[in-house]
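[1] Sequence and predicted structure are below.
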Amino acid sequence: MDFITVIDYIGTFAFAISGIRLASAKHFDWFGAYVVGFVTAVGGGTMRDLMLGYSHPFWMDNIGYLLVSGSALLFCIILRRYVVRLNNTFFIFDAIGLGLFTVVGVEKSIAVGQPMWVGIIMGTMTGAAGGMFRDIFINEVPLIFRKDIYAIACVLGGMIYWVCLKMHLTTEMTGLITAISVIVIRVLAVHYNICLPCLRAEDDLESKK
Amino acid sequence: MDFITVIDYIGTFAFAISGIRLASAKHFDWFGAYVVGFVTAVGGGTMRDLMLGYSHPFWMDNIGYLLVSGSALLFCIILRRYVVRLNNTFFIFDAIGLGLFTVVGVEKSIAVGQPMWVGIIMGTMTGAAGGMFRDIFINEVPLIFRKDIYAIACVLGGMIYWVCLKMHLTTEMTGLITAISVIVIRVLAVHYNICLPCLRAEDDLESKK
Amino acid sequence: MDFITVIDYIGTFAFAISGIRLASAKHFDWFGAYVVGFVTAVGGGTMRDLMLGYSHPFWMDNIGYLLVSGSALLFCIILRRYVVRLNNTFFIFDAIGLGLFTVVGVEKSIAVGQPMWVGIIMGTMTGAAGGMFRDIFINEVPLIFRKDIYAIACVLGGMIYWVCLKMHLTTEMTGLITAISVIVIRVLAVHYNICLPCLRAEDDLESKK
């Protein structure tokens, strides 16, 4: 198991934990919590693989993602008392996962010959769409649409990937710089509480179509 | 029309009825109720086919699924008074559909060379994901995540399929045993009111991302 | 840029505006509003392309859809005061988009050898599923399931396409007649306030699964 795989599983674990915790707030049973955790972790990559024309989603190649999500469920069941105290740890894991997932999404797009702007969308989808599915499952308005810099960190990371490519850096160096950029942007955005502006509602919305 | 097709349409009818009834509780119009019924019936299999790399979803090969869903809508419109009285009948039909859909999902996974653990997931998705889409459409938290043994019956059925394969039973016998197991598990679970445990909510969930 | 492309972008713009306006009513940030607008515009066609076995969704071939959605966001941010006054204009644009999207959906189905009834479903999905995704994202029950003649206009348009094909009209003439029919049906339905009947709720729905 190489270094990238370890990072990938850490990201999967952190994403699954975030799904399972929100599911538990809605009183889901273990099965439901597991599904929400798994989908939070692999949902973005699944949609990416379907849209890029891969014959099947990445997690079917390797039972590891299923097992890591299962261990996240066990973790939440058994060590429930400690989960809240580990918030900062999970936040860092989540940011690391976000950075790595973005890189994977961009690279898989380029591998099938898509242009770089599609790569940016796919990197963002890999990082952020899982959380969107999670929020749809628990019947909430997706957080990524109204809070923090989250998906935008992936978008910026994708742009940095593009710049690195233009500068003819190696794939490894490009991936590393991109992942670190996403992590740093995410951490700084939360630390300094940086948000995108919201659209103001129109007063009149009877006309909603 | 062979025996399997008849069973398949009975399952489709029962699933569509469940979608249409919940849609009617939300005052959907006929078109909306039809879409919800159809998606409840074929949504799980559609997602399965997309993920397994089939070129198109199964229901495009045969207009039967569309017509069966349409007859379920007609049934609910015309015989509305009798629908409630038939609850037990629908429950049995639904369980039969669940059993058969699980077998179909497992078999289509094996047919494209996926390992058995993917087959179990695909069998469960075929049986249970339609109900999940239904609940997302009517804007409710999916029932399968917090009530009864439903999807778990598919998971157990998939495992039984695996055991039968290992014992070198014929495909027919394996499918039959699996379907009956799912039906029996589902019926017993409802009869004895067996549920999975729920995750307890953390007191503190401000930290929710 | 030919005439069809202009019409296509006008429809995309109108659909994106509808997504962005509803997102702003839910206080989404700019990114969230953009995603909802983009998905409203291209979500139906994306699902269609995945189901028809195309290797990737249409919008990846051409950055235009991304840019048009972006200009819809800018429009809503900068000219917010005028958006409400332009309701009637948007309504017409939306109807034009609906008509054109229906034709595109039918044609792409026929192009991969699907039967005409699949073409009608795909035409309807192209026109109406984007709005369904929009409503799921903003956590509302989809409007197309309970209001107006919207998706039904696409269904009728698809049937008219079929009749034109049977009469051996040219592809151009068939597409034109279909698109105009959808637009006229949509406009008349809103003007005369024509709705489909709703299903009445059963009194007893404890029995809901």
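    Perfect, thanks for sending it.
[2] Could you see whether chain B lies near the one helix or strand in chain A whose mean pLDDT sits lowest?
    Ranked by mean pLDDT, DSSP states H and E, the weakest helix or strand in chain A is helix A:80-83, scoring a mean of 79. Yes. Applying C-beta under 8 Å from any C-beta of the partner chain, one finds helix A:80-83 in contact with chain B at A:Arg80, A:Val83. C-beta here means a position set from N, CA and C on the backbone, and glycine is covered the same way.
[3] how much distance is there from that helix to the middle of the chain?
    23 Å (C-alpha atoms, centre = their mean, to the nearest Å).
[4] Next: stretch A:18-32.
    Taking mean C-alpha positions (C-alpha atoms, centre = their mean), stretch A:18-32 and its chain are 18 Å apart.
[5] buried sites along it?
    A:18-26, A:28-32 (16 or more other C-beta atoms under 10 Å in any protein chain shown).
[6] Within the helices and strands, which one has the residue in chain A that chain B sits nearest to?
    Going by C-beta to the nearest C-beta, chain B is nearest to A:Gly32 of chain A, at 2.7 Å. Taking DSSP states H and E as the definition, one finds A:Gly32 inside helix A:30-51.
[7] Quick check: next helix or strand after that helix?
    Immediately after helix A:30-51, counting by DSSP H and E, sits helix A:64-78.
[8] Send me that following helix as PDB with only the CA atoms.
    These are the backbone C-alpha positions of helix A:64-78, laid out as PDB (Å, rounded to 0.1, in the frame of the first residue of the first chain):
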ATOM      1  CA  GLY A  64     -10.800  -1.000   0.400                       C
ATOM      2  CA  TYR A  65     -13.300   1.900   0.100                       C
ATOM      3  CA  LEU A  66     -16.100  -0.200   1.400                       C
ATOM      4  CA  LEU A  67     -14.000  -1.400   4.300                       C
ATOM      5  CA  VAL A  68     -12.700   2.000   5.200                       C
ATOM      6  CA  SER A  69     -16.300   3.300   5.300                       C
ATOM      7  CA  GLY A  70     -17.300   0.400   7.500                       C
ATOM      8  CA  SER A  71     -14.500   1.100   9.900                       C
ATOM      9  CA  ALA A  72     -15.700   4.800  10.000                       C
ATOM     10  CA  LEU A  73     -19.100   3.400  11.100                       C
ATOM     11  CA  LEU A  74     -17.600   1.200  13.700                       C
ATOM     12  CA  PHE A  75     -15.500   4.100  14.900                       C
ATOM     13  CA  CYS A  76     -18.600   6.300  15.300                       C
ATOM     14  CA  ILE A  77     -20.600   3.600  17.100                       C
ATOM     15  CA  ILE A  78     -17.800   2.500  19.500                       C
END
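[9] Check which helices and strands it is in contact with.
    helix A:3-25, helix A:30-51 (3 or more C-beta pairs under 8 Å, 6 or more residues apart in numbering or on different chains; DSSP states H and E).
[10] Looking at those, which is nearest to chain C?
    helix A:30-51 (5.8 Å).
[11] Now stretch A:50-63: average pLDDT?
    If you average the pLDDT over stretch A:50-63, you get 95.
[12] buried sites along it?
    Buried, per 16+ other C-beta under 10 Å, within stretch A:50-63: A:Leu50, A:Met51, A:Leu52, A:Gly53, A:Tyr54, A:His56, A:Pro57, A:Phe58, A:Trp59, A:Met60.
[13] Can you check which helix is longest in chain A?
    What stands out as the longest helix in chain A, according to DSSP state H, is helix A:87-111.
[14] buried ones in the helix or strand following that one?
    Under the assignment DSSP H and E, the closest C-terminal helix or strand after helix A:87-111 is helix A:116-137. Across helix A:116-137, burial judged by 16+ other C-beta under 10 Å covers A:117-137.
[15] and the helix or strand following helix A:116-137, what does it pack onto?
    The element immediately downstream of helix A:116-137 (helix or strand, assigned by DSSP H and E) is helix A:151-166. For helix A:151-166, the packing partners by 3+ C-beta pairs under 8 Å, 6+ apart come out as helix A:87-111, helix A:116-137, helix A:171-191, helix C:30-51.
[16] List of residues touching the shortest one?
    Looking back up the chat, that one is helix A:171-191. Applying C-beta atoms under 8 Å, 6 or more residues apart in numbering or on different chains, the contact partners of helix A:171-191 are A:91-92, A:95-96, A:98-100, A:102-103, A:106-107, A:127, A:148-150, A:152-154, A:156-158, A:160-161, A:164-165, A:169, A:194.
[17] Between the buried residues of stretch A:18-32, which sits nearest A:Tyr65?
    A:Gly19 (12.9 Å; C-beta to C-beta).
[18] What's the per-residue pLDDT of the closest one here?
    On the pLDDT scale, A:Gly19 gets 93.
[19] Tell me which residues touch it, please.
    Counted by C-beta under 8 Å, 6+ apart, A:Gly19 has contacts A:Ala33, A:Val36, A:Gly37, A:Phe38, A:Val39, A:Thr40, A:Ala41, A:Gly130, A:Arg134.
[20] Burial check on the third one, number of neighbours?
    To tie it back to what came earlier, the one meant is A:Gly37. By the criterion of other C-beta atoms under 10 Å in any protein chain shown, A:Gly37 has 31 neighbours.
[21] who in chain A is up against chain B?
    With the criterion set to C-beta under 8 Å from any C-beta, chain A comes near chain B through A:18, A:20-33, A:35-36, A:46, A:50, A:55-57, A:60, A:63, A:66, A:76-77, A:80, A:83-84, A:87, A:94, A:136-139, A:143, A:147-148, A:150.
[22] Look up how far C:Leu165 lies from the residue nearest in space to the middle of chain A.
    By C-alpha atoms, centre = their mean, chain A has its centre lying nearest to A:Gly127, at 2.9 Å. Distance check for A:Gly127 against C:Leu165: by C-beta to C-beta, to the nearest Å, it reads 44 Å.
[23] A:Phe93 too?
    Separation of A:Phe93 from C:Leu165 (C-beta to C-beta) stands at 56 Å.
[24] Would you mind telling me which of the two has the busier surroundings?
    Neighbour comparison, A:Phe93 and C:Leu165: the larger count goes to A:Phe93, with 20 against 16 (by other C-beta under 10 Å).
[25] Nearest residue to that one in space, please, no chain neighbours.
    Excluding the flanking residues, the one nearest A:Phe93 by C-beta to C-beta, 6 or more residues apart in numbering or on different chains is A:Ala14, at 3.4 Å.
[26] Isn't the one you found up against A:Asp94?
    Yes. The criterion here is C-beta atoms under 8 Å, and A:Ala14 meets it with A:Asp94 at 4.4 Å.
[27] A:Ile17 and A:Gly158: what is the separation?
    25 Å.
[28] Now stretch A:118-125: average pLDDT?
    97.
[29] mind listing what A:Met60 touches?
    Here A:Met60 is in contact with B:Met51, B:Gln114, B:Val118 (C-beta under 8 Å, 6+ apart).
[30] Please report the distance of it from A:Ile4.
    19 Å.
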